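>>> quick one, what's the 3D model for this:
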Amino acid sequence: MSSPRLAHNVFFKLKDPAPAKVQELVDACKKYLNVQPGIVFFAAGSLCAELDRPVNDRDWHVGLHLVFADKAAHDAYQDDATHNKFIEENKPSWAAVRVFDSLV
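Residues are numbered from 1 along each chain as shown. Presented below is the predicted three-dimensional model:
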């Protein structure tokens, strides 16, 4: 039986949620976080404003969605120099970050 894949979902709340700032972070995700080995799915984008049901968590601005081949690929990504550069360059703009990891 093969190992489960690891889904890594990160939700960023920005200090300045202006549309241009949201797009800057989406672009940074696409530049820095789609290049590591072991990624089988990547997506980054902004909150879908049209979905506003009581169950929708709307306390964020940019969502990053990655699925890794396995936990080892995820662990290597966490230590990757490009991932660390993304954090270094973008962390000052974050008001909060929430991470949800699951085996899928």
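
>>> please name the residues that touch residue 97.
By Cβ atoms under 8 Å, 6 or more residues apart in numbering, the contact list for residue 97 reads 10, 11, 12, 13. In short, each C-beta sits where N, CA and C put it, glycine included.

>>> can you classify the residue nearest the centre of the chain as helix, strand or coil?
In the chain, the C-alpha nearest the mean C-alpha coordinate belongs to residue 64, at 2.4 Å (Cα atoms, centre = their mean). Classification of residue 64 using DSSP: H, G, I helix; E, B strand; the rest coil returns strand.

>>> residues contacting it?
By Cβ under 8 Å, 6+ apart, the residues touching residue 64 are 8, 9, 10, 11, 12, 29, 33, 43, 44.

>>> which residues does it bridge with?
Counting by DSSP bridges, residue 64 is bridged to residue 10, residue 44.

>>> in the host helix or strand of residue 22, what counts as buried?
In this structure, residue 22 sits in helix 19-32 according to DSSP states H and E. Counting neighbours by 16 or more other Cβ atoms under 10 Å, one finds that the buried residues in helix 19-32 are 22, 24, 25, 26, 28, 29, 32.

>>> over to stretch 54-62?
Under the neighbour-count criterion of 16+ other Cβ under 10 Å, stretch 54-62 has 60, 61, 62 buried.

>>> can you list the weak-confidence ranges in this protein?
Within the chain, the stretches with pLDDT under 70 are 1.

>>> would you list every one of the strands in it?
Taking DSSP state E to define them, one finds strands in the chain at 6-14, 39-46, 62-68, 94-103.

>>> from those, which stretch is densest packed?
Most buried of the strands of the chain, by mean neighbour count (mean count of other Cβ atoms under 10 Å): strand 62-68, with a mean of 21.
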